[in-house]
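J.: Structural data only, the sequence is not supplied:
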């Protein structure tokens, strides 16, 4: 529970900072963002957008969970994982707040389509791998400091959780590659009208 609490607090604090920073963006940056989002929606409505490449879609889905997993193999993960969770929360909240600021209520729907469909899978996977990585990093740090001789937490349950997360990320990649572009193209006209 303490590892989950630390990850959650850092994610929430980063998200809050992302929302606050987006609220402070003014002038030309806000207008440029609005023009970019409107042109994206017009292109999606006309069918001018092509499906994303598979490798960038895969990277988009697995980069945060993969980094969380890798940080669990070092004692430095005790410092790196809270920072990683804060950065992920910041970027996600800043992106969502950008769409809401530009499009109002339609921005909520667009943000859900772009981030929520896959985020409903990838964010819990990120937390699952992040929490187990915090525990692993803590165990490694205690072994390094000579406080404990317990082995690292890389047992059967650890590999089962990693396998479950990998399967969930495959579903996430399929959604990102096939479903999200179709939903955005299908609803782009309605989003422009709102």
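T.: Noted; the coordinates are in hand. Note that the structure is a prediction, hence the values are computed from the model and not measured.

J.: What ranges in this protein fall below the confidence cut-off?
T.: Residues of the chain meeting the criterion pLDDT under 70: 26-30, 48-51, 146-152, 189-194.

J.: Going along the chain, name the helices of it.
T.: For the chain, the helices defined by DSSP state H cover 2-24, 28-46, 54-71, 77-103, 105-111, 117-144, 156-174, 180-193.

J.: Adding mean neighbour count, write those out as JSON lines.
T.: Where you see a C-beta, it was placed from the backbone N, CA and C, and this is true even at glycine. Below are the helices of the chain laid out as JSON lines (neighbours: other Cβ atoms under 10 Å):
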{"stretch": "helix 2-24", "mean neighbour count": "16"}
{"stretch": "helix 28-46", "mean neighbour count": "14"}
{"stretch": "helix 54-71", "mean neighbour count": "18"}
{"stretch": "helix 77-103", "mean neighbour count": "20"}
{"stretch": "helix 105-111", "mean neighbour count": "17"}
{"stretch": "helix 117-144", "mean neighbour count": "20"}
{"stretch": "helix 156-174", "mean neighbour count": "15"}
{"stretch": "helix 180-193", "mean neighbour count": "16"}
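
J.: Report the separation between the closest residue to residue 10 other than its chain neighbours and residue 39.
T.: Distance criterion Cβ to Cβ, 6 or more residues apart in numbering; nearest residue to residue 10, sequence neighbours excluded, is residue 85 at 4.0 Å. Note on residue 85: its distance to residue 39, by Cβ to Cβ, to the nearest Å, is 33 Å.

J.: Grab the nearest non-local neighbour of residue 121.
T.: Looking at residue 121 with Cβ to Cβ, 6+ apart, the closest residue is residue 172, at 4.5 Å.

J.: can you pull the contacts of the nearest residue to residue 23 once chain neighbours are set aside?
T.: Distances taken as Cβ to Cβ, 6+ apart place residue 97 nearest to residue 23, at 7.2 Å, with adjacent residues excluded. Applying Cβ atoms under 8 Å, 6 or more residues apart in numbering, we find residue 97 in contact with 18, 19, 22, 23.
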